[in-house]
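Q: Predicted coordinates and the sequence they were generated for:
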Amino acid sequence: MAISLAFHPVTADIIGQLKAIVGASNASASQADLDLHAHDQSQHPAHPAEVVIWPESAQQVAEVLRLANQQRIPVTPWGVGTSLEGNPIPVCGGILMSFERMNRIIQVHADDFQVTVQPGIGHKDLNEQLARYGLFFPPDPGANATVGGMLANNAAGIRTVKYGASKDNVLRMQVALADGRLIEVGSRSVKQSSGYDLLHLFVGSEGTLGVITEATLKLVPVPALMSAVLTSFETVEQAVEAIVAIRGSGLDPAALELIDAEHCKMLNRAEDVHLDEKPTVFMEFHAAHEATLEAGLDMVKEICDDAGAVSFRATMDAAERRKLWQARHHSYEIMVRSFPGKTFFIMDVAVPISAYPELIGYVEQVKAQENVTAYLLGHAGDGNIHVEFPFDDDVSYQTAMKLNGLIVMKALELGGTATGEHGVGIGKTRYMAKEHGPALDVMRSIKQLLDPNGILNPGKIFPEDGQ
Ligand SMILES: Cc1cc2nc3c(=O)[nH]c(=O)nc-3n(C[C@H](O)[C@H](O)[C@H](O)COP(=O)(O)OP(=O)(O)OC[C@H]3O[C@@H](n4cnc5c(N)ncnc54)[C@H](O)[C@@H]3O)c2cc1C
């Protein structure tokens with residue numbers, strides 16, 4: 001989808017100026033580099049930038065933005081391109097700004113349970129380096145996404161139910177504005193009450209308001225003990241009943257995930273995990289004492305039995321727990337590999353937990369009504385579900401779009417949102433007016449104030465005319 005705004009092309013002269021700012025080896029207009037940064041992991045069509053740059057400092061980022069703003073050239077920030085809504089696709093061409101070479105830990109503030117990082121560090125790489133301090137950064141979107149990409153999308157993942165999303169785990173950021181100013185937002189104090197909350201204005205803004213050049217993140221101690229629980233049910237409805245009861249029990253799970261029977265079949269084939277091929281709930285619990293963990297597990301079993309569990313497996317063995325979670329993390333890739341030639345349309349609605357049974361019931365109903373194949377995988381503890389539709393031609397794509405629309409409308413009716421964690425990107429723009437009403441105009445005014453020439457990641461978040 002090419003967007004036609006009044007932007008100027010990236011000329012040879014501009015490439016020369018960019019090279020003078022970031023260094024000759026940190027800019028490329030080769031077809032291979034443009035192609036590599038033309039698509040994310042979503043179904044949205046690829047679109048290349050005109051040049052890719054790899055800045056190495058905040059000052060370089062700011063200088064590039066100043067130049068791009070003067071010259072009216074779009075700039076799209078890029079983490080590692082694992083988004084699922086087209087968020088980093090440079091749909092207007094221009095400059096693709098990759099953070100691959102700004103991937104350092106700047107300082108570990110171990111006594112304050114904080115770390116300050118450059119935006120291009122992968123959260124898994126960060127946690128590997130933090131292990132020696134007995135600390136970790138909890139948000140976990142599965143893929144080795146960068147901290148910058150996670151903050152820009154407000155990514156969440158499997159541990160949100162206990163530790164919160166990216167927005168809940170950041171204290172301060174340095175941000176480069178479209179006009180080249182570098183500002184600090186937030187502070188290293190855990191309590192903050194000073195002025196407008198600009199920190200959380202930039203979190204979740206998908207690179208459309210400013211570019212994150214540094215972030216101080218909250219850390220938590222690595223739990224002394226962890227358990228994994230797998231429990232299966234005859235029906236999705238029973239599984240959802242157990243999930244809602246566990247959320248209401250005060251047990252504080254660190255993960256509470258739903259996967260449907262078809263996903264279990266695919267995981268069994270690919271990962272040797274011996275799951276029951278029925279709707280299954282994956283859980284994780286963290287505790288400082290074995291007795292606390294064991295008492296909690298007894299309560300979990302009771303709740304699941306009451307909801308009609310047909311199997312219950314709990315383990316405190318670290319290797320087995322890792323194997324099960326690895327399978328859960330690979331479930332999307334395994335599904336994609338199981339359907340060669342098909343592309344997946346992934347939904348990301350979320351609702352308050354009390355409305356989760358109704359949402360899931362509705363999804364099952366529309367699947368049956370339309371007689372379509374679609375798979376369910378969800379961060380159920382947060383009321384978030386991903387419905388995955390395979391498609392391979394225009395007819396099946398249109399059906400996926402129709403179901404997506406129906407399910408989003410149902411989520412909104414239930415007090416939820418069109419996107420719990422993947423962001424608006426390209427795919428959810430059409431629902432922004434419905435979800436936000438007059439607040440969307442306020443978002444437009446903020447965009448106009450911070451980026452009057454619209455150079456930052458254009459084509460995202462706001463609906464096009466006629467949508
Ligand atoms: C298999 C798989 C599983 C996933 N599971 C989850 C999940 O459970 N939960 C979840 O939330 N997401 C999930 N995702 C989606 C994805 O990992 C997240 O959206 C992640 O935040 C993207 O990070 P990234 O580094 O790849 O950023 P990119 O995709 O490169 O960019 C994301 C957005 O951030 C902007 N951006 C990047 N860097 C900066 C910066 N420094 N400053 C300003 N803007 C910037 C980009 O312009 C873009 O809008 C999954 C993806 C895959 C492929």
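A: Looks like it arrived, so ask away.
Q: So which residues on the protein come close to the ligand?
A: Counting by Cβ under 6 Å from any ligand atom, the positions of the chain adjacent to the ligand are 40-41, 76-84, 87-88, 99, 119, 141-143, 145-146, 148-150, 152-153, 155-157, 206-207, 211-212, 332-333, 421-422, 457. Yep, even glycine has a C-beta here, placed from its N, CA and C like the rest.
Q: For PyMOL, write the selection for the buried entries among those residues.
A: Under the burial definition 16 or more other Cβ atoms under 10 Å, those of those that qualify are selected in PyMOL by:
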select buried, resi 40+41+76+77+78+79+80+81+82+83+84+87+88+99+119+141+142+143+145+146+148+149+150+152+153+155+156+157+206+207+211+212+332+421+422+457
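Q: Mind checking which of the residues of the chain next to the ligand land in helices?
A: 148-150, 152-153, 332-333 (DSSP state H).
Q: any idea which of those residues is closest to Ala287?
A: Nearest to Ala287 among those, counting by Cβ to Cβ, is Met150 at 26.5 Å.
Q: so what's that closest one up against?
A: 79, 123, 139, 141, 166 (Cβ atoms under 8 Å, 6 or more residues apart in numbering).
Q: Which pair of the residues you listed spans the longest distance?
A: With Cβ to Cβ as the measure, no two of those lie farther apart than Gly79 and Pro139, at 13.5 Å.
Q: now Val91: how far from Ala46?
A: According to Cβ to Cβ, to the nearest Å, Val91 and Ala46 sit 10 Å apart.
Q: Looking at those two now, which is surrounded by more residues?
A: Neighbours were counted for Val91 and for Ala46 using other Cβ atoms under 10 Å; Val91 has more, 24 against 14.
Q: thought the more buried one was touching Ala49?
A: No - counting by Cβ atoms under 8 Å, Ala49 is not a contact partner of Val91; they are 9.7 Å apart.
Q: now, which of the residues of the chain next to the ligand lie within strands?
A: 76-78, 211-212 (DSSP state E).
Q: List the contacts of the most centrally placed residue in the chain.
A: Here the mean C-alpha position of the chain is nearest to the C-alpha of Ala155 (Cα atoms, centre = their mean), at a distance of 3.3 Å. Remark: with contacts taken as Cβ under 8 Å, 6+ apart, Ala155 is in contact with 139, 141, 145, 149, 165-166, 421.
Q: can you check His330 too?
A: 267, 270-271.
Q: Tabulate the residues you listed (a markdown table), appending distance to Ala261 and pLDDT.
A: Shown next, in a markdown table, are the contacts of His330 (distance: Cβ to Cβ, whole Å; pLDDT from 0 to 100):
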| residue | distance to Ala261 | pLDDT |
| --- | --- | --- |
| Leu267 | 11 | 90 |
| Ala270 | 15 | 88 |
| Glu271 | 16 | 86 |
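Q: can you give me how far stretch 184-199 is from the chain middle?
A: Stretch 184-199 sits 23 Å away from the centroid of its parent chain (Cα atoms, centre = their mean, to the nearest Å).
Q: Can you give me the end-to-end span of that stretch?
A: Its first and final residues considered, stretch 184-199 spans 9 Å by Cα to Cα, to the nearest Å.
Q: and that stretch, what's its mean pLDDT?
A: Regarding stretch 184-199, the rounded mean pLDDT is 97.
Q: cool, and stretch 272-291?
A: Computed over stretch 272-291, the average pLDDT equals 93.
Q: For Glu277, see how far away Met266 is.
A: The span separating Met266 from Glu277 equals 10 Å under the rule Cβ to Cβ.
Q: Ok, Gly383 next?
A: For Gly383, the distance to Glu277 (Cβ to Cβ) stands at 25 Å.
Q: again, but for Thr11
A: When distances are taken as Cβ to Cβ, Thr11 and Glu277 turn out to be 58 Å apart.
Q: now do Ala145
A: Noted for Ala145: a distance of 30 Å to Glu277, by Cβ to Cβ.
Q: Other residues contacting stretch 356-366?
A: Outside stretch 356-366, the residues within contact range by Cβ under 8 Å, 6+ apart are 236-237, 240-241, 243-244, 349, 351, 374, 376, 380, 383, 385, 387, 403, 406-407, 410-411, 414, 416.
Q: Show only the entries of those found in strands.
A: The subset of the contacts of stretch 356-366 located in strands under the criterion DSSP E comprises 376, 387.
Q: Mind giving me the ChimeraX select for the contacts of stretch 356-366, buried ones only?
A: Of those, the buried ones go into a single ChimeraX selection, burial set by 16+ other Cβ under 10 Å:
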select :236,240,241,243,244,349,351,374,376,380,383,385,387,403,406,407,410,411,414,416
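Q: before we move on, back to that, between Met266 and Glu277, which has more neighbouring residues?
A: Taking Met266 and Glu277 together and counting by other Cβ under 10 Å, Met266 has the greater number of neighbours (22 against 15).
Q: what's near enough to touch that one?
A: Counting by Cβ under 8 Å, 6+ apart, Met266 touches 331, 334-335, 338.
Q: which SSE is it in?
A: helix 261-271 (DSSP states H and E).
Q: What are the neighbouring residues in contact with the nearest residue to Leu34 once chain neighbours are set aside?
A: With sequence-adjacent residues excluded and distances taken as Cβ to Cβ, 6 or more residues apart in numbering, Leu34 is closest to Pro48, at 4.1 Å. Taking Cβ under 8 Å, 6+ apart, we find Pro48 in contact with 34-35, 37-38, 90, 93.
Q: all helices of the stretch 1-150 of the chain, in order?
A: In chain order, the stretch 1-150 of the chain shows helices spanning 12-22, 31-36, 58-71, 123-130, 147-153, with DSSP state H, counting those that start in this stretch as the criterion.
Q: And the longest helix seen in the chain, what's buried?
A: Taking DSSP H as the assignment, the helix of the chain that covers the most residues is helix 394-413. By neighbour count, and taking 16+ other Cβ under 10 Å as the criterion, the buried residues in helix 394-413 are 396, 399-400, 403-404, 406-408, 410-412.
Q: Does anything pack onto it? Which helices or strands?
A: If you count contacts as 3 or more Cβ pairs under 8 Å, 6 or more residues apart in numbering; DSSP states H and E, helix 394-413 packs onto strand 343-346, helix 356-370, strand 386-391, helix 432-436.
Q: any idea which of those is most buried?
A: Mean neighbours per residue, mean count of other Cβ atoms under 10 Å, is largest over the helices and strands packed on helix 394-413 for strand 386-391, with a mean of 22.
Q: Could you measure from Gln192 over to the ligand?
A: 21 Å (Cβ to the nearest ligand atom, to the nearest Å).
Q: Please apply the same query to Lys167.
A: In this structure, Lys167 and the ligand are 11 Å apart, going by Cβ to the nearest ligand atom.
Q: That concludes my questions; thank you for your assistance.
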